[in-house]
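> Sequence first, then the predicted structure, then my questions.
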Amino acid sequence: MEIQRKEDYRRLVLMAGLASVSTAVIFILVKLGVWMLSASTVIFASLTDSMFDMLASLVNFLALRYSLTPPDREHPYGHYKSQALASLAQAAFIGGSAVLLVSHGIERCINPRPVLHMDLAIYVSIFSIIATILLVLFQSYVCRLTRSEAIAADRLHYVSDILMNMGVLLALCLSSLGYDFADGLFGSLIGILILKGAYSIGMKAVQTLLDRALNPGEVTAIMDSIIRVKGIKSIHGLKTHRAGPQVFIQGHLVMDAKMPLNEAHELVNLVERNISELYTEADITLHMEPDEPATYEEEDYPGCDFAAAGDE
């Protein structure tokens with residue numbers, strides 16, 4: 001199931017963005033107090049990550065609000081790609097925190113120190129794991145309905161946070177048994193894990209900004225909805241991409257060269273209605289072409305070619 005109405009999309013993504021910012025603020029306040037008491041490297045790593053989470057989530061939230069503003073004269077296709085820009089910003093924030101954590105963890109491996117107030121640090125780690133799981137479950141629900149690029153990026157780094165906090169908990173338990181080096185070791189490993197997540201977020205955002213086509217299954221479904229219309233000889237030059245909840249589809253429809261213009265126009269309307277059954281608010285641009293040799297000799301831009309059954 002996927003949200004089609006933009007009003008529902010707006011409500012859900014803003015709720016998810018606000019939940020992310022609020023969770024990060026709570027984590028910062030709690031972890032700051034515990035780190036000041038315990039001087040634990042992994043708690044410091046977790047605190048640093050939460051600080052970057054808050055900054056990234058705030059940027060994400062502002063970008064979400066901007067992306068939902070209606071199209072205008074300067075941006076006729078809307079502002080949804082600002083979500084991908086927010087994802088790139090998140091990747092930069094998260095990558096920076098990862099480098100800091102790795103370097104700090106290496107220093108603590110070389111010069112290990114005992115962790116103070118161990119019980120308090122462990123309780124905070126357990127609290128962080130439970131709260132983050134609840135946030136990720138809500139974000140997963142929103143992603144499933146909206147397919148928001150920004151919320152998906154936010155969710156990914158909070159999934160990494162769950163693993164990170166589990167690592168923090170394990171490091172604290174090992175430190176309590178006298179393995180002081182575990183504090184710095186796990187801090188470094190957590191940093192590497194976060195860096196990997198930042199790379200994944202950044203690459204996905206870049207693909208969106210480069211107008212990556214819909215996946216093959218979606219493109220096939222669009223083709224099937226087009227060739228169901230009797231009178232469409234073939235389609236070529238099919239190009240698709242997605243920005244936020246908006247899907248953009250364009251292509252060339254080949255039909256009988258002797259068909260009256262009003263009939264050809266009605267066929268295009270039927271095609272658009274079929275596509276709208278898949279994507280309610282899709283932006284569809286279709287060009288009519290005659291079924292004659294010159295049409296097939298023209299050099300077309302890269303896209304998908306498909307002939308209707310029985311019309312080849």
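That came through fine.
> Going by C-alpha atoms from here, please, whenever you check contacts or count neighbours.
Will do.
> who's in contact with stretch 256-275?
With CA atoms under 8 Å, 6 or more residues apart in numbering as the test, stretch 256-275 has contacts from 222, 225-226, 229, 231-233, 255, 282, 284, 286, 288-292.
> just checking, which of those residues belong to helices?
Counting by DSSP state H, these place 222, 225-226 in helices.
> re the thing from before, pull the most distant pair out of the contacts of stretch 256-275.
Greatest spatial distance in the contacts of stretch 256-275: 282 and 292, 29.7 Å, computed using CA to CA.
> Who has more neighbours out of those two?
Remark: of residue 282 and residue 292, residue 282 carries more neighbours, 18 against 12, as counted by other CA atoms under 10 Å.
> I'd say that one and residue 242 touch.
No: here residue 282 does not reach residue 242: they are 9.4 Å apart, not a contact under CA atoms under 8 Å.
> intersection of neighbour lists for these two?
With CA under 8 Å, 6+ apart as the test, residue 282 and residue 242 both reach residue 248.
> before we move on, back to that, I'd like the ones in helices among the contacts of stretch 256-275 as a markdown table, with distance to residue 175 appended.
Formatted as a markdown table, these follow (distance: CA to CA, whole Å):
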| residue | distance to residue 175 |
| --- | --- |
| 222 | 57 |
| 225 | 61 |
| 226 | 64 |
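> From those residues, list just the buried residues.
Buried members of these, counted by 16 or more other CA atoms under 10 Å: 222, 225-226.
> Which of the three states applies to residue 268?
helix (DSSP: H, G, I helix; E, B strand; the rest coil).
> Neighbours of it, how many?
The burial count for residue 268: 20, using other CA under 10 Å.
> same thing with residue 161?
Neighbour number of residue 161 under other CA under 10 Å is 24.
> any idea which element it lies in?
helix 149-176 (DSSP states H and E).
> Can you point out the buried residues in the helix or strand just after that helix?
With elements assigned by DSSP H and E, the helix or strand that comes after helix 149-176 is helix 181-209. For helix 181-209, the neighbour count (16+ other CA under 10 Å) marks 181-199, 201-202, 204-205, 208-209 as buried.
> cool, stretch 242-259 as well?
For stretch 242-259, a neighbour-count test (16+ other CA under 10 Å) marks 242-255 as buried.
> Could you list the low-pLDDT ranges of the stretch 151-300 of the chain?
The model of the stretch 151-300 of the chain has pLDDT under 70 over residues 164, 180, 183, 244, 297-300.
> Swap in 90 and give it another go.
151-219, 224, 227-238, 241-247, 255-259, 261, 264, 276-283, 285, 287-300 (pLDDT under 90).
> Give me the secondary structure label for the residue of the chain positioned farthest from its centre.
For the chain, the largest distance from the centre (CA atoms, centre = their mean) belongs to residue 258, which lies 46.8 Å off. Here residue 258 takes the coil state, with states given by three-state DSSP.
> re earlier: from the buried residues of stretch 242-259, which single one is nearest residue 160?
Among the buried residues of stretch 242-259, and counting by CA to CA, the member closest to residue 160 is residue 244, at 23.4 Å.
> Give me the helices and strands touching the lengthiest helix in the chain, please.
When the chain is parsed with DSSP H, its longest helix is helix 6-38. Judged by 3 or more CA pairs under 8 Å, 6 or more residues apart in numbering; DSSP states H and E, the packing partners of helix 6-38 are helix 41-67, helix 118-146, helix 149-176.
> re the thing from before, would you mind getting the angle between the helix holding residue 161 and helix 6-38?
Using axes from the mean of the first three to the mean of the last three CA atoms, to 10 degrees, the inter-axis angle of helix 149-176 relative to helix 6-38 is 20 degrees.
> Now for residue 89, how many residues are close by?
Around residue 89 there are 21 residues (other CA under 10 Å).
> likewise residue 146?
Count around residue 146 with other CA under 10 Å applied: 24.
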